[in-house]
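J.: Please find the sequence and the predicted model below.
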Amino acid sequence: MAKHIQTGITGEQLGEAYLIKEGYLVAEKNWRHGRSEVDIIAIKNNTLHFIEIKARRTKSFGLPEDKVGKKKMENLINAAEQYLYLYPQWQRIQFDILAILLLEKLPVEFFLIEDVYL
């Protein structure tokens, strides 16, 4: 398996554990609509969170959160619209980014950016 794919899988697993520890209830993992995917859909404080997880093993190419661009956010919004069509009971939603740094010989760093918008 390619190293970047393994980094993504590891990041999603660590991200899920982090969110649970922070009091989120994970409703969906890797939820897809067409070509769009939401890494995690979670619930906290009566709010539905659509969460993009980005993990990196180095800072050489920027921080993980820097890799979530306009196109990725548009895909996240499109998937969220479909999810809300299927589950219309949600009154409050939010888009979040969970950035994870997996630097060698250092503790894992988590950075949750809440309520992201374009």
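T.: Structure received. Residues are numbered from 1 along each chain as shown.
J.: use CA for all of it now, contacts and neighbours both
T.: Fine.
J.: Return the list of strands paired to the one helix or strand Ile40 maps to, each annotated with direction.
T.: Assigned by DSSP states H and E, Ile40 belongs to strand 36-44. In the sheet containing strand 36-44, its partner strands are strand 25-33 (antiparallel), strand 47-56 (antiparallel), by DSSP bridges.
J.: Let's test this: mean pLDDT of that strand, rounded?
T.: Averaged across strand 36-44, pLDDT comes to 96.
J.: Report the distance from that strand to the chain centre.
T.: Its chain's average C-alpha position is 6 Å from that of strand 36-44, according to C-alpha atoms, centre = their mean, to the nearest Å.
J.: pLDDT weak spots in this structure?
T.: Residue ranges of the chain with pLDDT under 70: 118.
J.: most centrally placed residue in it?
T.: With distances taken as C-alpha atoms, centre = their mean, Glu52 lies nearest the centre of the chain, 2.1 Å away.
J.: I'd guessed that one sits against Ile41; true?
T.: No: contact criterion C-alpha atoms under 8 Å: Glu52 and Ile41 do not qualify, at 9.0 Å.
J.: residue with max distance from the center of this structure?
T.: Lys105 (24.3 Å).
J.: does it sit in a helix, a strand or a coil?
T.: Counting by DSSP: H, G, I helix; E, B strand; the rest coil, the backbone at Lys105 sits in coil.
J.: going forward can the numbers begin at 3, since that is how I track them
T.: Will do, 3 is the new start, and the previous item becomes Lys107.
J.: And it, how far from Thr60?
T.: In this view, Lys107 and Thr60 are 12 Å apart by C-alpha to C-alpha, to the nearest Å.
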